[in-house]
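[1] Provided below for reference: sequence and predicted model.
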Amino acid sequence: MRRVRYGVGMSLDGFIADLRDGMGWMIGDPGYDSKPFFASIDTVLVGRRSYEVMLRHGARSYPGLRTYVFSRSLKEANYPEVTMVAEDGVATVTKLRGETGKDIWLSGGGELFRSLLAADLVDTVEVGVSPILLGQGRPLLPSPGRTQKLKLTHEQAFPSGLLVLYYDVVR
Amino acid sequence: MSSDERRTTMTRTDSRVTIHMAASLDGFIARKDGRVDWLETSDEFAGGETMDPESIAAFLKTIDCYVMGSRTYETALSFEARGFGWSYGDKPTFVLTRRDLPRTRETVEFYSGDLAQFVTGRLRPSFGSIWFVGGGVVSGDCLRLGLADEVRYSILPILIGDGIPFFEKLDRDVALHLAEVKAYKSGTIGLRYEVRHRLDGDQSLSAPGEDG
């Protein structure tokens, strides 16, 4: 079974975007190579709000990836680049996860993570922590989420201050 | 004159204000009702460091005083009442509160006035390593007022989904510099960040104690 991997950048205090959905405060690092990650996935899951942020930045899909957007309001006909999931997202992800293929990237946002986590459909949490405190914003896991034990599998810090933490979701 | 004597007679220029907190990956220091039942972890991270009691004890010796809010103090008292001991040794412990709380030991002192004045006028001249140990409101105030030099943040391998956030009422971004990372066998990540002070006359820019 392929894995569903929640992969996001966040502030040290656990926000994946600021209150205006901005992510300009996130940092990268020349030493961080994202190629292995993108080589390991072929599908991406995107929540409605995150997709609208993408659209505002002129991106209608993730090139080269099968993009699923979870929304009850957006009309599929207007977004031919993606697959719209309006009903029963849990069943859709359960089916996708059972197919053969590469891993599935859950790119955000927090609400989609919360509902898939509640359905036991998330396998890893992979965060790039930027060295900043925001105090408020869009949370990694919106309240009220469930208590979920994790297992640290990898950590790496970069000269820019970027810290990547990989966890398995403990079942 | 020994260095200890010098410390008590001269204004210190090497003082350092540290905010210390352990939080879940989603940024909470306690559940909504204050419980910290999730702090115990059983996760085993291969290649991680272990925390041996001796090095912890040696490290704690380097801390000169503690500062905390009233709820954190009450939590410490309840721990002690349940036989878990007092976590702050014989170090001076300042409790920021306007309430009338029980004082169970000589080392505890209550303070209810202006925090910035307290840190720069009272603590910095007398203590080298000043540790703020919570809760979220006190830590948030300390950061918001530009009083902190470093943040020591432990991330536990858990999501708790709701609770008391690490920093409450932080009304601006605080940029940090990642100075130290340690991964422990427990799966906990120990981080030390230096606070990047703004260049707009933030009082913490001047050398600590300089403007008394």
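    Nice, I can see it.

[2] Spatially central residue for chain A, please.
    For chain A, the residue sitting closest to the mean C-alpha position, by C-alpha atoms, centre = their mean, is A:Ser107 at 2.2 Å.

[3] Contacts only, for that residue.
    Applying C-beta atoms under 8 Å, 6 or more residues apart in numbering or on different chains, one finds that A:Ser107 lies in contact with A:7-8, A:44-46, A:50, A:62. For glycine as for every other residue, the C-beta is placed from the backbone atoms N, C-alpha and C.

[4] Now go through those and say which are in strands.
    Counting by DSSP state E, the part of these found in strands is A:7-8, A:44-46.

[5] Send over the helix or strand encompassing A:Trp105 as PDB, restricted to the C-alpha atoms.
    Per DSSP states H and E: A:Trp105 is located in strand A:103-108. The C-alpha coordinates for strand A:103-108 follow below in PDB (Å, rounded to 0.1, in the frame of the first residue of the first chain):
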ATOM      1  CA  ASP A 103       3.400   7.800  -2.700                       C
ATOM      2  CA  ILE A 104       0.700  10.400  -2.300                       C
ATOM      3  CA  TRP A 105       1.500  13.900  -1.100                       C
ATOM      4  CA  LEU A 106      -1.000  15.600   1.200                       C
ATOM      5  CA  SER A 107       0.100  19.200   0.500                       C
ATOM      6  CA  GLY A 108      -2.400  20.900   2.800                       C
END
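
[6] Just checking: what are the partner strands of that strand?
    Paired with strand A:103-108 in the same sheet, following DSSP bridges, are strand A:4-11 (parallel), strand A:41-47 (parallel).

[7] JSON lines for those strands, including mean pLDDT and mean neighbour count?
    Converted to JSON lines, those look like this (pLDDT from 0 to 100; neighbours: other C-beta atoms under 10 Å in any protein chain shown):
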{"stretch": "strand A:4-11", "mean pLDDT": "98", "mean neighbour count": "23"}
{"stretch": "strand A:41-47", "mean pLDDT": "98", "mean neighbour count": "22"}
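
[8] Of those strands, which is nearest B:Phe132?
    strand A:4-11 (19.6 Å; C-beta to C-beta).

[9] Downstream of the closest one, the next helix or strand is which one?
    strand A:15-17.

[10] Quick check: pLDDT value at B:Thr75.
    On the pLDDT scale, B:Thr75 is placed at 89.

[11] residues near it, how many?
    19 (other C-beta atoms under 10 Å in any protein chain shown).

[12] Nearest spatial neighbour of it, chain-adjacent residues omitted?
    Distances taken as C-beta to C-beta, 6 or more residues apart in numbering or on different chains place B:Gly34 nearest to B:Thr75, at 6.8 Å, with adjacent residues excluded.

[13] what's the neighbour count on the one you found?
    15.

[14] I'd assumed B:Gly134 was in contact with it.
    No - contact criterion C-beta atoms under 8 Å: B:Gly34 and B:Gly134 do not qualify, at 11.0 Å.

[15] top strand in chain A by residue count?
    Max-length strand for chain A by DSSP E is strand A:148-157.

[16] can you pull the pLDDT of residue 38?
    I went with chain A, as the question did not name one. Reading off the model, A:Phe38 has pLDDT 96.

[17] nope, chain B
    B:Trp38 is given a pLDDT of 85.

[18] any idea how far it lies from B:Tyr184?
    The gap separating B:Trp38 from B:Tyr184 is 16 Å, by C-beta to C-beta, to the nearest Å.

[19] B:Leu156 and B:Thr18, how far apart?
    For B:Leu156 relative to B:Thr18 (C-beta to C-beta), the value is 19 Å.

[20] One more: B:Leu115?
    Distance from B:Leu115 to B:Thr18, by C-beta to C-beta: 15 Å.

[21] same check, this time on B:Pro157
    Taking C-beta to C-beta, one finds B:Pro157 at 23 Å from B:Thr18.

[22] the more surrounded of the two?
    Higher neighbour count among B:Pro157 and B:Thr18: B:Pro157, with 26 against 19, using other C-beta under 10 Å.

[23] Touching, the more buried one and A:Leu150? I think so.
    Yes - with contacts counted by C-beta under 8 Å, B:Pro157 reaches A:Leu150, the gap being 4.3 Å.

[24] Need the overlap of contacts for those two.
    Jointly contacting B:Pro157 and A:Leu150 under the rule C-beta under 8 Å, 6+ apart are A:167, B:25, B:43, B:187.

[25] OK, contacts around the closest residue to the third one other than its chain neighbours?
    Think B:Asp43. Counting by C-beta to C-beta, 6+ apart, B:Asp43 lies nearest to B:Gly187, which is 3.2 Å off, once chain neighbours are set aside. Taking C-beta under 8 Å, 6+ apart, we find B:Gly187 in contact with A:150-152, B:41, B:43-45, B:48, B:156-157.

[26] Which of those fall within helices?
    Per DSSP state H, helices hold no members of those.

[27] Tell me the buried residues within those residues.
    Taking 16 or more other C-beta atoms under 10 Å in any protein chain shown as the criterion, what is buried in the contacts of B:Gly187 is A:150-152, B:41, B:43, B:45, B:48, B:156-157.
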